[in-house]
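**Student:** with the input below, show me the fold.
(chains A, B, C and D)
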Protein chains: 2
Amino acid sequence: MAADPVSDALTGLIRDLGEDARLPPERELAERLGVSRTALRDRLRLLEAFGVLSRRQGSGTYVRRLDPQGLEFALDLALSASHLSIESLHSVRVALERQAAREAARKGDPVAIAHVGKALADMEAAATAEDIDRADFAFHQALLHATGNAALTFFADAMTGVLFRAVRQRRDRLKTHPHDKEVSVAAHRPLYEALLAGDEDAAGQASDDHFRAWHDLFTHPRMERP
Amino acid sequence: MAADPVSDALTGLIRDLGEDARLPPERELAERLGVSRTALRDRLRLLEAFGVLSRRQGSGTYVRRLDPQGLEFALDLALSASHLSIESLHSVRVALERQAAREAARKGDPVAIAHVGKALADMEAAATAEDIDRADFAFHQALLHATGNAALTFFADAMTGVLFRAVRQRRDRLKTHPHDKEVSVAAHRPLYEALLAGDEDAAGQASDDHFRAWHDLFTHPRMERP
DNA sequence: TTCGGTCAAGTGGTACGACCAATTCCGCCG
DNA sequence: CGGCGGAATTGGTCGTACCACTTGACCGAA
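**Tutor:** Predicted coordinates:
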């Protein structure tokens, strides 16, 4: 499928090994696959960038559960190269979060939903703007994990990370948006209640409402093509 | 932001050069950035994997508009390594397509919508199952481009490509789903009509309806964790 | 024994130089 | 003027050596 014998062999190996396993050393693996270490590392780099592998100097290369950090890094790069606007990323995030809200409500895992409630409580108890931000982030993270949907969590996590950072930078620069605690809590509570009720439609609606307010942060919209 | 001087320098360079520009040769660029060609190529590889750059042997390295091919390749790898289920990817696609349908209806670009109509007409005129598939693919591609949203198009394109391939493989293996032309056309027409009418809510609803049928393909659901 | 440091082996990260393969460009020949 | 062939350019791979970091075993002191 990948049209690349080395990548195919690697994905097969990764599948066979399973999560948290350690791959053979690069030198040995390269010899086994009949390519140079350079070519092998080239493929490993891709898998690492996408969060399938984790490489630690001095330790080894490990299989890990899909982690959005690599994608997040790459999206940062794409954003820096101004190929992507914040608005278009935001649009993707809205779509994914709505889906996540619906799926989390449908699944209705009490433990996972409790984590969402915990984040909301932290938000109410927050003392500083930074605390609010942290709780906000945790809220959405908990919502995503409550879906049990790996791909959804993967993409939305990356999106959320990139956008939080981008907005924080913008906020620091513009000294705007005092980040009222009451407003934040009011924006998240209906979603949490919809999850508790297991109401899929209400959850989706609450997610949309929440983001309509969030979107007003962009007072100086960046064009799709500057 | 990227915590890597080389990547930062590269993204800056890419931003300054702009689309379709050609980067300096690797040997020269490596010297200019004060790193070896090995290290430089490592960073270039990442940018290429995410479609920010395009490298052609013998020709050069070019800045290109974000292209989902790299992400598609990576998703194929992740799917092969069985870290992602088809169902979870499908869920992401549903969310993105609904958003795309809404944005396309809101924008209401007549030329772009005409491309959607063209794909629908091709579907009606299709003779073989393969023709239907092709028209189906073109329909969704046209819909995405009608949004003018780069990030949305980027992710949904990749998702669509991966899923089409995965479903085709499954269909070949199971000899199921005869792919009735009438059914396909009926599933897509309401969406097209909502676009013509510029009705955002109807477009989103039509997208959801369309995918509810599509989802029935999965007769043997794959578990999230096998 | 137990704790602590020290050292050596293992492993990923980078550098350099050489060569291969595809592309491009230019000058020669018809 | 047009086509063609070879040289220069450029990305792709290889092999080797060395660096940076991690790990674990070993040894000595408390």
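
**Student:** over to the spatially most central residue of chain A. Which of the three states is it?
**Tutor:** Residue closest to the average C-alpha location in chain A (CA atoms, centre = their mean): residue A:157, at 1.1 Å. Taken by DSSP: H, G, I helix; E, B strand; the rest coil, the conformation at residue A:157 corresponds to helix.

**Student:** can you pull the pLDDT of it?
**Tutor:** At residue A:157, the model reports a pLDDT of 87.

**Student:** ok, the one 5 residues further on next?
**Tutor:** Residue A:162 is assigned a pLDDT of 84 by the prediction.

**Student:** just give the number of residues close to it.
**Tutor:** 25 (other CB atoms under 10 Å in any protein chain shown). The C-beta positions use only the backbone N, C-alpha and C, and glycine is treated the same way.

**Student:** helix or strand for it, which one?
**Tutor:** Per DSSP states H and E, residue A:162 falls inside helix A:150-174.

**Student:** and that helix, does that touch chain B?
**Tutor:** Yes: against chain B, helix A:150-174 shows contacts by CB under 8 Å from any CB of the partner chain at A:150-152, A:154-155, A:165.

**Student:** which of these are buried, as a PyMOL select command?
**Tutor:** Of these, the buried ones can be selected in PyMOL as follows, counting by 16 or more other CB atoms under 10 Å in any protein chain shown:
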select buried, chain A and resi 150+151+152+154+155
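
**Student:** would you mind checking which of the residues of helix A:150-174 next to chain B is nearest to DNA strand D?
**Tutor:** residue A:165 (24.6 Å; CB to the nearest atom of the strand).

**Student:** distance check, the closest one against residue A:69.
**Tutor:** 13 Å (CB to CB, to the nearest Å).

**Student:** show me what the nearest residue to residue A:64 once chain neighbours are set aside is bridged to.
**Tutor:** Excluding the flanking residues, the one nearest residue A:64 by CB to CB, 6 or more residues apart in numbering or on different chains is residue A:54, at 4.7 Å. Counting by DSSP bridges, residue A:54 forms beta bridges with residue A:62.

**Student:** list the residues that contact residue A:94.
**Tutor:** A:207-208, A:211, B:99 (CB atoms under 8 Å, 6 or more residues apart in numbering or on different chains).

**Student:** please spell out the PyMOL selection for the buried subset of these.
**Tutor:** In PyMOL, this line selects whichever of these come out buried by 16+ other CB under 10 Å:
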select buried, (chain A and resi 207+211) or (chain B and resi 99)
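
**Student:** and the contacts of residue A:94, which is the shakiest by pLDDT?
**Tutor:** residue A:211 (85).

**Student:** got the angle for the helix or strand harbouring it vs helix A:150-174?
**Tutor:** Per DSSP H and E: residue A:211 is located in helix A:200-214. Orientation of helix A:200-214 against helix A:150-174 (axes from the mean of the first three to the mean of the last three CA atoms, to 10 degrees) gives an angle of 20 degrees.

**Student:** mind listing what the nearest residue to residue A:140 once chain neighbours are set aside touches?
**Tutor:** Leaving aside its chain neighbours, residue A:140 sits nearest to residue A:160 (5.5 Å; criterion: CB to CB, 6+ apart). Going by CB under 8 Å, 6+ apart, residue A:160 touches A:93, A:137, A:140-141, A:144.

**Student:** compare those residues and tell me which is most surrounded.
**Tutor:** For the contacts of residue A:160, neighbours tallied by other CB under 10 Å; top is residue A:144, 26 neighbours.

**Student:** circling back to that earlier point, nearest to chain B, of the residues of helix A:150-174 next to chain B?
**Tutor:** residue A:151 (3.7 Å; CB to the nearest CB).

**Student:** surely the closest one and residue B:84 touch.
**Tutor:** Yes: counting by CB atoms under 8 Å, residue A:151 does reach residue B:84; the two are 5.1 Å apart.

**Student:** over to residue A:58: give its phi and psi.
**Tutor:** phi 90, psi -20 (degrees, to the nearest 10).

**Student:** just checking, next helix/strand downstream of the helix or strand bottoming out on mean pLDDT in chain A?
**Tutor:** Least confident element among the helices and strands of chain A, by mean pLDDT, DSSP states H and E: helix A:69-80 (a mean of 70). Past helix A:69-80, further along toward the C-terminus, the next helix or strand under DSSP H and E is helix A:86-107.

**Student:** what angle do that next one and helix A:200-214 make?
**Tutor:** Using the same axes, to 10 degrees: helix A:86-107 against helix A:200-214 is 160 degrees.

**Student:** can you pull the pLDDT of the residue of chain A found nearest DNA strand D?
**Tutor:** Proximity of chain A to DNA strand D (CB to the nearest atom of the strand) peaks at residue A:58, 2.2 Å away. Looking at residue A:58, its pLDDT reads 92.

**Student:** same check, this time on residue A:175
**Tutor:** The predicted local confidence for residue A:175 is 48.

**Student:** about what we covered before: looks like the residue nearest to the centre of chain A contacts residue A:143 (just checking).
**Tutor:** No: taking contacts as CB under 8 Å, residue A:157 lies outside contact range of residue A:143: 10.8 Å.

**Student:** closest to DNA strand C out of the contacts of residue A:160?
**Tutor:** Using CB to the nearest atom of the strand, the contacts of residue A:160 come closest to DNA strand C at residue A:141, 26.6 Å.

**Student:** the closest one in helix, strand or coil?
**Tutor:** Relying on three-state DSSP, one would call residue A:141 helix.

**Student:** do you know how far it is from residue A:153?
**Tutor:** From residue A:141 over to residue A:153 (counting by CB to CB), the distance is 9 Å.

**Student:** please apply the same query to residue A:110.
**Tutor:** 19 Å.

**Student:** and what of residue A:187?
**Tutor:** Counting by CB to CB, the gap from residue A:187 to residue A:153 is 21 Å.

**Student:** cool, residue A:97 as well?
**Tutor:** On the measure of CB to CB, residue A:97 and residue A:153 end up 11 Å apart.

**Student:** pick out whichever of these two has more residues nearby.
**Tutor:** Set residue A:97 next to residue A:153 and count neighbours by other CB under 10 Å: residue A:97 wins out with 25 against 22.

**Student:** my read: the more buried one touches residue A:141, true?
**Tutor:** No: with contact defined as CB under 8 Å, residue A:97 does not reach residue A:141; the gap is 11.2 Å.

**Student:** so residue A:67: helix, strand or coil?
**Tutor:** Quick answer, by three-state DSSP: residue A:67 is coil.

**Student:** residue ranges with poor pLDDT in chain A?
**Tutor:** A:1-3, A:68, A:70-71, A:74, A:77-83, A:170-179, A:213-226 (pLDDT under 70).

**Student:** what about 50?
**Tutor:** A:1, A:175-176, A:219-226 (pLDDT under 50).

**Student:** so which bits of it are right by DNA strand C?
**Tutor:** A:23, A:25-28, A:37-38, A:41, A:55-61 (CB under 7 Å from any atom of the strand).

**Student:** point out the residues in chain A that sit beside DNA strand D.
**Tutor:** A:35-39, A:42, A:56-59.
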